[in-house]
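Visitor: just the structure for this:
(one chain, ligands or ions: 2)
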Amino acid sequence: MTEKPLTVKIPIVMTIAGSDSGGGAGIAADLKTFAALGVHGTCAITSITAQNTTGVLEAFDLTPAAVASQIEAVCADMDVKWAKTGMLASSEIVREVAKDVRKHGLSLVIDPVMAAEAGGDLLRKEAISVLIEELLPFCKVITPNASEAGVLAGIEVKTPKDAKIAARKIAGLGVETVIVTGGHLDATDLLYEAVSDTFTRIPGTFVKGGTHGSGCTYSAAMTAFLACGKSMEVAARESKKFVVEAILKSLPAGRGVNPVNPLGATLEKKERYLVLRNLKDAVLLIEESPDFSKLIPEVGCNIGMAIPGAKSYEEVAAVEGRIVKYRIRAVPVGCVEFGASKHVSSIILSALRQNPEIRAAINVKYSEKVLAACREMKLGISSFDRAEEPENASTMDWGTAEAIKKYGSVPKVIYDRGGTGKEPMIRLLGTNAIEVAKLAVELAEKLQ
Ligand SMILES: Cc1ncc(COP(=O)(O)OP(=O)(O)O)c(N)n1
Ligand SMILES: Cc1ncsc1CCOP(=O)(O)O
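Guide: Ligands and ions are numbered 1, 2, ... in the order given. Purely as a prediction, here's the structure:
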């Protein structure tokens, strides 16, 4: 008998929301969030908005029949258990969605979208009472921000105490869980679970400046975590963490409010992994070279590589404790780690400010012989003089920038002849750690 192959089922979720032509909010934010959190996202579009980072220019509502047809197509074929709503625009659309949610037995997260962050109404006034009466009683979780909570509860929400009163009032409308998101109050979310009459405060980091799509991203993350079986509190904590990361990675895409970037943190993790892998292979090339140890300076050597667009030393990986000479071999003292270098990371950060392609560097011993070998290899060479260093400058940062300025672009080799108590040094630069390690090993072989 042939056995059925084991398949890992990933949760299938749905967003019932508007499209934002600017790609920041609505289904764009929801589907990116679903993808980042490893669930399969489907969608039913309710309205098409002509929108950008400065606001909503026009909105074209789909007919309730068109919304129903999309939900039907997905639910007839796929096993959708959790869904979220975003922009629902009109009473007719709210009514249709309420009917479809019941028909397909969907567990629902409601993001009661009322207006766009950059300006523009997204829910008609007369639809608010329909939302309260016809959809709220069928949802598991609602995620209003302070002003949305105020509208639903019929009170002004200006303080965390108001948020508590509003949450209880909204739960009284038939909702199991209310999360008043704190972005507009004090960065703390308030989770209220009606069944146990408990409040849980979910603290977060306050990020200055508005962003576009954070409410959509948060409610999509809640939907994904709940579909994965997380408890309400865990889902709320994880969603908060996720949305803060998406806000921190928001992109200056247009002239208005920056769209959040739900995939930013995931992509950074990928880049960090690729950097560590490249650097490990580079260190192996150095360790296996019978000649490299001749290039190790008195202070030791380090090789580093940055993630694209790195701005701080924590975004540059290098060898912990440097690479030292032991007998005739080059030996890395520790593992490759982010934040492990001070000097080489400064060189890389300074170089990539001039050319973002240059993300790796290694320091090697200075001698006229090594410099001559660099010339023989026809490597572009530049230098700086420590005697010219301005007061309070960081030597590596300033020296690298100075050598680049003199050369007109980033050279492969930057050297300095040292100073009082400062060993002279040569640095090799390149696009990645393997490239600079190969260059260093070739240079060491040339010295034979
Ligand atoms: C189509 C669409 N849906 C929802 C919104 C709301 O997003 P935003 O303006 O960024 O507000 P928050 O997501 O931060 O609450 C929208 N603008 N467009
Ligand atoms: C380039 C250089 N300059 C002084 S020590 C040194 C070696 C590497 O230092 P770090 O481990 O801080 O990158």
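
Visitor: so for stretch 433-446, mean pLDDT?
Guide: For stretch 433-446, mean pLDDT is 97.

Visitor: check stretch 89-103 too.
Guide: pLDDT averaged over stretch 89-103 gives 97.

Visitor: is it in proximity to ligand 1?
Guide: No: contact of stretch 89-103 with ligand 1 (Cβ under 6 Å from any ligand atom) is absent, the minimum separation being 9.2 Å. Just so you know, the C-beta spots here come from the backbone N, C-alpha and C atoms, and that holds for glycine as well.

Visitor: residue in the stretch 301-448 of the chain nearest to ligand 1?
Guide: Nearest residue of the stretch 301-448 of the chain to ligand 1 (Cβ to the nearest ligand atom) works out as Gly309 at 24.0 Å.

Visitor: contacting residues around that residue?
Guide: Shown here is Gly309, whose contacts under the criterion Cβ atoms under 8 Å, 6 or more residues apart in numbering are Pro356.

Visitor: up against ligand 1, what does this protein have?
Guide: Residues of the chain found near ligand 1 (Cβ under 6 Å from any ligand atom) are 17-18, 20, 25-26, 49, 51, 86-87, 113, 116-117, 122, 212-216.

Visitor: in the stretch 1-150 of the chain, what spans have low per-residue confidence?
Guide: Within the stretch 1-150 of the chain, the stretches with pLDDT under 70 are 1-8.

Visitor: the helices in it, which residues?
Guide: Shown for the stretch 1-150 of the chain, the helices assigned by DSSP state H, counting those that start in this stretch span residues 26-36, 64-77, 91-103, 125-130, 146-153.

Visitor: quick one, which of these is nearest to Ile434?
Guide: helix 26-36 (29.1 Å; Cβ to Cβ).

Visitor: which strands or helices does that closest one pack on?
Guide: Helix 26-36 makes packing contacts with strand 12-20, strand 40-52, helix 214-227, helix 232-248 when contacts are defined by 3 or more Cβ pairs under 8 Å, 6 or more residues apart in numbering; DSSP states H and E.

Visitor: so what touches the last one?
Guide: Spelled out, that is helix 232-248. 33, 36-37, 141, 177, 179, 189, 191, 193, 200, 202, 204-205, 207, 211, 213-214, 217-218, 221-222, 225-226, 230, 260-262, 264-265.

Visitor: and the angle for that helix with helix 26-36?
Guide: Relative orientation of helix 232-248 and helix 26-36, computed by axes from the mean of the first three to the mean of the last three Cα atoms, to 10 degrees: 110 degrees.

Visitor: next, the buried residues of helix 232-248.
Guide: 232, 235-240, 242-247 (16 or more other Cβ atoms under 10 Å).

Visitor: would you turn those residues into TSV with pLDDT and distance to Glu368?
Guide: Output for those, formatted as TSV (pLDDT from 0 to 100; distance: Cβ to Cβ, whole Å):
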residue	pLDDT	distance to Glu368
Met232	98	69
Ala235	98	64
Ala236	98	64
Arg237	97	60
Glu238	98	58
Ser239	97	61
Lys240	96	59
Phe242	97	55
Val243	95	57
Val244	94	53
Glu245	95	50
Ala246	96	53
Ile247	94	53
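
Visitor: nearest to Arg277 among these?
Guide: The shortest approach to Arg277 among the buried residues of helix 232-248 belongs to Glu245, at 22.8 Å (Cβ to Cβ).

Visitor: distance of the closest one relative to ligand 1?
Guide: According to Cβ to the nearest ligand atom, to the nearest Å, Glu245 and ligand 1 sit 15 Å apart.

Visitor: quick one, what contacts the closest residue to ligand 1 within the stretch 101-250 of the chain?
Guide: Relative to ligand 1, the nearest point of the stretch 101-250 of the chain is Gly215 (2.5 Å; Cβ to the nearest ligand atom). Residues near Gly215 by Cβ under 8 Å, 6+ apart: Ala25, Asp111, Val113, Thr143, Asn145, Thr181, Gly183.

Visitor: in ChimeraX, how would I select the buried members of those?
Guide: Typed into ChimeraX, the line below selects the buried ones among the contacts of Gly215, using 16+ other Cβ under 10 Å:
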select :25,111,113,143,145,181,183
